[in-house]
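A.B. asks: Could you look at this predicted model? Sequence included:
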Amino acid sequence: AQKVTQAQTEISVVEKEDVTLDCVYETRDTTYYLFWYKQPPSGELVFLIRRNSFDEQNEISGRYSWNFQKSTSSFNFTITASQVVDSAVYFCAISNFGNEKLTFGTGTRLTIIP
Amino acid sequence: GAVVSQHPSRVICKSGTSVKIECRSLDFQATTMFWYRQFPKKSLMLMATSNEGSKATYEQGVEKDKFLINHASLTLSTLTVTSAHPEDSSFYICSARDLTGPGNTIYFGEGSWLTVV
């Protein structure tokens, strides 16, 4: 069975600060995908990134960056120069290769204070 | 790009009635779709896998007779909550993977808020 732990239930930072959301996963599979989704108050899930287990390169997309460390089973997400629009619940998730079923973490509610 | 759409986005129904939620892939075909349920301020829990042309596969603990899933075409899956009760009130969201798109991304619908009164 796979498991995702997002230990930070809620985080509040002042606008323009950097913030890192932690994600630790457990899996017995050697190949897997990791995901991050953003859920604004309206409810929809916005896809942010998918990373396969073979690719440990860190990725940067604008103000967003992700740090994948297989050695510690972590896939952390950093928002640089946070903005109020970043306020949302962020979910980390994992799936098997070729399996579209996702196991989600419990989410981190991020509030950016203007 | 690929879009997954759900309808209705919000629905209120009376206890004992049934309500149907649709999940459509707008730009691609999906032989498999997934239904998740999310209680307020909680995580998303997979309910079932919807398979086009065959029976859905339910996760442990999910009542298949209560949550009827039909995947009648390659772009449409429906979830029917039968004999709804207030405890069925929740946020239901579906997903599908675009196998033809870049990176085989899994897309989620906008979700459907169900309130049973």
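C.D. replies: In hand now; what should we look at? Numbering: from 1, shown residues only, chains lettered A, B, ... in the order given.
A.B. asks: going forward, measure contacts between C-alpha atoms and count neighbours the same way
C.D. replies: Will do.
A.B. asks: dump the residue contacts of residue A:37.
C.D. replies: Residues touching residue A:37, when contacts are defined by Cα atoms under 8 Å, 6 or more residues apart in numbering or on different chains, comprise A:45-49, A:90-93.
A.B. asks: So which residues on chain B come close to chain A?
C.D. replies: By Cα under 8 Å from any Cα of the partner chain, the residues of chain B that approach chain A are B:34, B:42-46, B:49, B:96-97, B:105-111.
A.B. asks: In helices only, show me these.
C.D. replies: Secondary structure assignment (DSSP state H) places none of the residues of chain B next to chain A within helices.
A.B. asks: Narrow those residues to just the buried residues.
C.D. replies: Neighbour counting by 16 or more other Cα atoms under 10 Å in any protein chain shown classes B:34, B:43-46, B:49, B:96-97, B:105-111 among the residues of chain B next to chain A as buried.
A.B. asks: Pull the CA coordinates from stretch A:38-49 and hand them back as PDB.
C.D. replies: The C-alpha trace of stretch A:38-49 is given here as PDB (Å, rounded to 0.1, in the frame of the first residue of the first chain):
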ATOM      1  CA  LYS A  38      -3.700  22.900  -5.700                       C
ATOM      2  CA  GLN A  39      -7.300  23.100  -4.500                       C
ATOM      3  CA  PRO A  40      -8.700  26.700  -4.200                       C
ATOM      4  CA  PRO A  41     -11.900  27.400  -2.200                       C
ATOM      5  CA  SER A  42     -14.000  26.600  -5.300                       C
ATOM      6  CA  GLY A  43     -13.000  23.000  -5.000                       C
ATOM      7  CA  GLU A  44     -11.500  22.000  -8.300                       C
ATOM      8  CA  LEU A  45      -8.100  20.300  -8.300                       C
ATOM      9  CA  VAL A  46      -5.500  22.200 -10.300                       C
ATOM     10  CA  PHE A  47      -2.600  20.100 -11.500                       C
ATOM     11  CA  LEU A  48       0.800  21.500 -10.700                       C
ATOM     12  CA  ILE A  49       3.300  18.800 -11.400                       C
END
